[in-house]
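[1] got a predicted structure here, sequence first:
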Amino acid sequence: MYLIALIVATGLLGASCSTTPQNNEMAVKKVIDEQTWGRKNRAKKAVKVYTRTADGYYREGFYDRAIVYYDKALLKLKYLNRLNHPQAAKIYVRMGDSYLKLKKKKLALEFYQKAYEIYKRFYGENNPRTVQVKEKINQLLEG
């Protein structure tokens, strides 16, 4: 499919020889940009699907499966360069909750701290999300 699009974009199928190399380069760039946009759009949709799936597993009590799907969502966010975004922080909190349910406090603390740093950077110290994650961190450190 990529090869066909590339051939059509470069004008090799039934086009006259009057096209300039600059026009060919622009056509190829447009095809590549559209493909990149498509990959990014699919990755954004995948983040939503993985997160919803993980949330479902979490609600049902399958915390280990939830972690797998949260991890997949984070991998897609990494592809999108959004690991330092509040969307990733939300997933970090959920992963921390899942690890806490599995009694893996050290891992839970690690994910809560990642979420806290992101929330603090985006929303500040007094935001309810930041305060809530800070409370979870304090509870783990005390207990």
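    Received the coordinates, thanks.

[2] and the strand or helix carrying residue 25, what's buried?
    Using DSSP states H and E, residue 25 sits within helix 21-60. Neighbour-count burial for helix 21-60 flags 27, 31, 43, 46, 47, 50, 51, 53, 54, 57, 58 (criterion: 16 or more other Cβ atoms under 10 Å). The C-beta positions use only the backbone N, C-alpha and C, and glycine is treated the same way.

[3] any regions of the chain where pLDDT drops low?
    Scanning the chain for pLDDT under 70 picks out 1-21, 30-31, 33.

[4] can you give me the helices in it?
    For the chain, the helices defined by DSSP state H cover 2-10, 21-60, 63-79, 86-101, 105-123, 128-142.

[5] who's in contact with residue 36?
    Under the criterion of Cβ atoms under 8 Å, 6 or more residues apart in numbering, residue 36 has no neighbours.

[6] work out which residue lies at the spatial centre of the chain.
    residue 77 (1.8 Å; Cα atoms, centre = their mean).

[7] surely it meets residue 85?
    Yes: Residue 77 lies in contact with residue 85 (Cβ atoms under 8 Å); the separation is 7.0 Å.

[8] can you give me the distance of the nearest residue to the residue nearest to the centre of the chain once chain neighbours are set aside to residue 75?
    Of all residues not flanking residue 77 in the chain, residue 88 sits nearest, at 5.0 Å (Cβ to Cβ, 6 or more residues apart in numbering). Going from residue 88 to residue 75 by Cβ to Cβ, to the nearest Å gives 11 Å.
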